[in-house]
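In: just the structure for this:
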Amino acid sequence: MHHLRFSHPRVAALLAALAAAAPGVPTHAAEKGAPNKSAYTLFNPTPPDQMRDLSTDRPDQTESAYTLDAGHVQLEMDVVSHTHDRDSEGGADVRSRTWVFAPVNLKLGLLNRVDLQLMLDPHVRVRVEDRVARTAGKASGFGDATTRLKVNMWGNDGGRTALALMPFVKWPLSASSLRNGRTEGGLIVPLAIELAEGWGMGLMTEVDFVRNGADTGYDREWVNSVTVARDLTEKAGCYVEFFTVTGSAPGFKWSGQLDIGFTYALHANVQLDAGCNFGVTKSAPNYQPFAGISYRY
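Out: Reported below is the predicted structural model:
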């Protein structure tokens, strides 16, 4: 998950403007004939027989362009995820291992085209070992907290494409060995495309504003990804994804990952998943296995 670093008034203004504009977004031509669900809100939930198919922002790193139906709650989480990285550049041998336990994305459907998301890393453990210097360090504790707003611009209830805007802000929690204590954030733009039957594609572009190492200002990072998914059976599916990050900080090294994963629907409101992200550049983590679950109610 990635993050626009704005001052609080600008963030609030942007979120308010998007939320106000969403109900009046012109209906995409492909959605004509779909039921009118604009009257449903947090306090007037979408009836079960009019709800969309379960759509999640996991397990791939490309976010979904579809929002959660109004008045409903969705929980998406890793049971556990692990990141292993080894830096051997220039004769170094630094190895890091990160475990994140039960990171969660809690979603709340506000309007037919708008949902609010709270992302938390409840417990993180990091170990860094320098085998050349023969030193090691560990850190553990609560990680970051991030709020996101997803606004679907078209395609939520029909059509071959869908697009959304997702501004987000990382909270300035007190600094620790795991947190920098600064407000950061970004804007995510995911696009979904239906291909041949059983096939789908997701595209995403994103800009993040991250605090620089000297703590004197903000650098920009750009994220781009493409994922192709395939239905294997009525309940099972798989995907392959390419994910990249580049940035404006001096010496920033372009990072690329090749990701694979699988999903399995236990029923209409529960999905299991598992997969692994593999680094294809030296600056990317070597591998990131994960397993998770999504539940809507």
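In: roughly how far apart are G159 and E194?
Out: Here the distance between G159 and E194 works out to 8 Å (CB to CB, to the nearest Å). C-beta here means a position set from N, CA and C on the backbone, and glycine is covered the same way.
In: can you map out the helices along the stretch 1-150 of the chain?
Out: Listed in chain order, the helices found in the stretch 1-150 of the chain under DSSP state H, counting those that start in this stretch are 8-21.
In: in it, which spans are strands?
Out: Taking DSSP state E, counting those that start in this stretch as the test, the strands found in the stretch 1-150 of the chain are 73-87, 94-101, 104-111, 114-120, 123-130, 135-141, 145-154.
In: could I have the CA atoms of the fifth one written out in PDB?
Out: What follows is the C-alpha trace of strand 123-130 in PDB, where atoms were taken according to Å, rounded to 0.1, in the frame of the first residue of the first chain:
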ATOM      1  CA  HIS A 123       2.100  -5.800  14.700                       C
ATOM      2  CA  VAL A 124       5.300  -5.600  12.700                       C
ATOM      3  CA  ARG A 125       8.600  -7.300  13.400                       C
ATOM      4  CA  VAL A 126      11.800  -6.400  11.600                       C
ATOM      5  CA  ARG A 127      15.300  -7.900  11.800                       C
ATOM      6  CA  VAL A 128      18.300  -6.500   9.900                       C
ATOM      7  CA  GLU A 129      21.600  -8.400   9.900                       C
ATOM      8  CA  ASP A 130      24.800  -7.000   8.500                       C
END
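In: mean confidence score for it?
Out: For strand 123-130, the per-residue pLDDT values average out at 96.
In: likewise for the longest one?
Out: In this model, strand 73-87 has an average pLDDT of 96.
In: so which of the strands of the stretch 1-150 of the chain comes closest to I260?
Out: Checking those against I260 by CB to CB gives strand 73-87 as the closest, at 14.8 Å.
In: what's that closest one in contact with?
Out: By CB atoms under 8 Å, 6 or more residues apart in numbering, the list of residues contacting strand 73-87 from outside reads 56-58, 68, 93-109, 279, 282, 285-297.
In: of these, buried ones?
Out: Neighbour counting with 16 or more other CB atoms under 10 Å marks 56-58, 68, 94-96, 98, 100-101, 103, 105, 107-109, 279, 285, 288, 290-294, 296 as buried within those.
In: buried residues, stretch 238-251. List them.
Out: Within stretch 238-251, the residues that qualify as buried by neighbour count (16+ other CB under 10 Å) are Y239, E241, F242, F243, T244, V245, T246, G247.
In: low-confidence stretches in this protein?
Out: Residues of the chain meeting the criterion pLDDT under 70: 1-33.
In: what's the offset of stretch 158-173 from the middle of its chain?
Out: Between the mean C-alpha location of stretch 158-173 and the chain-wide mean there is a distance of 9 Å, by CA atoms, centre = their mean, to the nearest Å.
In: before we move on, which element is A214 in?
Out: Following DSSP states H and E, there is no helix or strand that holds A214.
In: how near is it to G143?
Out: When distance is defined by CB to CB, A214 is 23 Å away from G143.
In: neighbour count: those two, which is higher?
Out: Taking A214 and G143 together and counting by other CB atoms under 10 Å, G143 has the greater number of neighbours (21 against 6).
In: number of residues surrounding the nearest residue to that one once chain neighbours are set aside?
Out: The shortest distance from G143 to any residue that is not its chain neighbour, by CB to CB, 6 or more residues apart in numbering, is 2.9 Å, and that residue is D121. D121 is flanked by 21 other residues according to other CB under 10 Å.
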